[in-house]
Structure formats: C-alpha cells, structure tokens
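Trainee: 3D model of this:
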Amino acid sequence: MPKIKTHRGANKRIKISGSGKPRRSKAYKSHILTKKSKKRKRNLRKPALVSKGEIRAIKALLPYKF
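Mentor: Okay, here's the model as predicted:
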C-alpha cells in the first residue's frame, strides 16, 4: 500500500497537544479588531480544542500525527 498524503492545509492549522488532542487557533482575530472588546480579543488568542465531532475527520486528514 502506498503512503497516505497529509492534508497540508490542515497540517498548518492543527497542532497536537501534549496529551494527544488536536488544537486549533480561533477565528475572527485577523481584522476588524477595533469594535471587538479587549476581553474578546484576549480570549481569541488562546488555542481551542477541536470538537469531538470533527476529530475523526482530522485524523483522516493528518494520518501520521496521531
């Protein structure tokens, strides 16, 4: 069997945490930041875990990270 190709876009966006869970960056942090509160922007900096429903799809896109 040939090797499975890694989805390069997903590879750049998703990192694996120390406990093996996929982490992602939050959306809405790139522009139009003046109307967003400091608290909201601060919370957008923190990485979030990928939801349980998406983990199966992420594992298919990134076969060698898990």
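
Trainee: ok, now which ones touch the residue nearest the centre of the chain?
Mentor: Relative to the mean C-alpha position of the chain, the nearest C-alpha, by Cα atoms, centre = their mean, is the one of residue 24, at 2.0 Å. Applying Cβ atoms under 8 Å, 6 or more residues apart in numbering to residue 24 gives the contacts 13-14, 47-50. To be clear about C-beta, it is placed using only N, CA and C from the backbone, and glycine gets the same treatment.

Trainee: now swap in residue 47 and tell me
Mentor: Applying Cβ under 8 Å, 6+ apart, the residues contacting residue 47 are 15, 23-26.

Trainee: if you set the cut-off to 10 Å instead, what comes out?
Mentor: Residue 47 is in contact with 14-15, 17, 23-26, counting by Cβ atoms under 10 Å, 6 or more residues apart in numbering.

Trainee: tell me which residues in the longest helix along the chain are buried?
Mentor: Counting by DSSP state H, the longest helix found in the chain is helix 52-61. For helix 52-61, burial by neighbour count (16 or more other Cβ atoms under 10 Å) applies to 58, 61.

Trainee: circling back: now the phi/psi pair for the residue nearest to the centre of the chain, please.
Mentor: Note on residue 24: its backbone torsions stand at phi -130, psi 160 [degrees, to the nearest 10].

Trainee: where's it relative to residue 11, distance?
Mentor: From residue 24 across to residue 11, the span is 12 Å (Cβ to Cβ, to the nearest Å).

Trainee: Please apply the same query to residue 42.
Mentor: Taken as Cβ to Cβ, the span from residue 42 to residue 11 is 27 Å.

Trainee: what does residue 54 give?
Mentor: From residue 54 over to residue 11 (counting by Cβ to Cβ), the distance is 15 Å.

Trainee: hey, what's the residue nearest to the centre of the chain bridged with?
Mentor: On the basis of DSSP bridges, residue 24 takes part in beta bridges with residue 14, residue 48.

Trainee: Can you give me the separation between it and residue 46?
Mentor: 11 Å.

Trainee: just checking, what packs against the longest helix of the chain?
Mentor: helix 8-13, strand 14-16, strand 22-24 (3 or more Cβ pairs under 10 Å, 6 or more residues apart in numbering; DSSP states H and E).
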